[in-house]
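K.L.:
Quick one, what's the 3D model for this:
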Amino acid sequence: MRLISGSDLRAMRNVAGLTTRQMASAAGVKTRKTYENWEKNVGTPNVNQFFSMVKACGFEVFELLQALHLKSRPA
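P.N.:
Got it, this is the predicted structure:
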């Protein structure tokens, strides 16, 4: 089960006004292509990379995870 989708990452980045290069840097990956693949659901960041990106976007990890959990719950 994938908790974080590529569209979630893209939305988070867009709300924060960051580029794919900035998100890749926040995640500690060498190229923006790796991050762009995550947005395309090709691979996923590890937990530490995800937390680093959340912080770079100015969000609180716990609040974001709550919002994603509520989104993923069946109606």
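
K.L.:
which residue is nearest the middle of the protein?
P.N.:
What sits nearest the mean C-alpha location of the chain, by Cα atoms, centre = their mean, is Leu9, with 3.4 Å.

K.L.:
From what I see, that residue and Gln49 are in contact.
P.N.:
No: assessed by Cβ atoms under 8 Å, Leu9 is found out of contact with Gln49, at 10.5 Å. All C-beta spots, glycine's among them, are computed from the backbone N, C-alpha and C.

K.L.:
Heading C-terminal from the strand or helix carrying the residue nearest to the centre of the chain, find the next helix or strand.
P.N.:
Secondary structure from DSSP states H and E places Leu9 in helix 6-16. The helix or strand immediately downstream of helix 6-16 is helix 20-27, counting by DSSP H and E.

K.L.:
Go ahead and produce PDB holding the CA coordinates of that following helix.
P.N.:
Taking Å, rounded to 0.1, in the frame of the first residue of the first chain, the C-alpha atoms of helix 20-27 are listed here in PDB:
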ATOM      1  CA  THR A  20      11.600  19.800  -8.600                       C
ATOM      2  CA  ARG A  21      15.300  20.600  -8.200                       C
ATOM      3  CA  GLN A  22      14.700  22.200  -4.800                       C
ATOM      4  CA  MET A  23      12.600  19.100  -3.700                       C
ATOM      5  CA  ALA A  24      15.400  16.800  -4.900                       C
ATOM      6  CA  SER A  25      17.900  18.800  -2.900                       C
ATOM      7  CA  ALA A  26      15.700  18.600   0.200                       C
ATOM      8  CA  ALA A  27      15.400  14.900  -0.200                       C
END
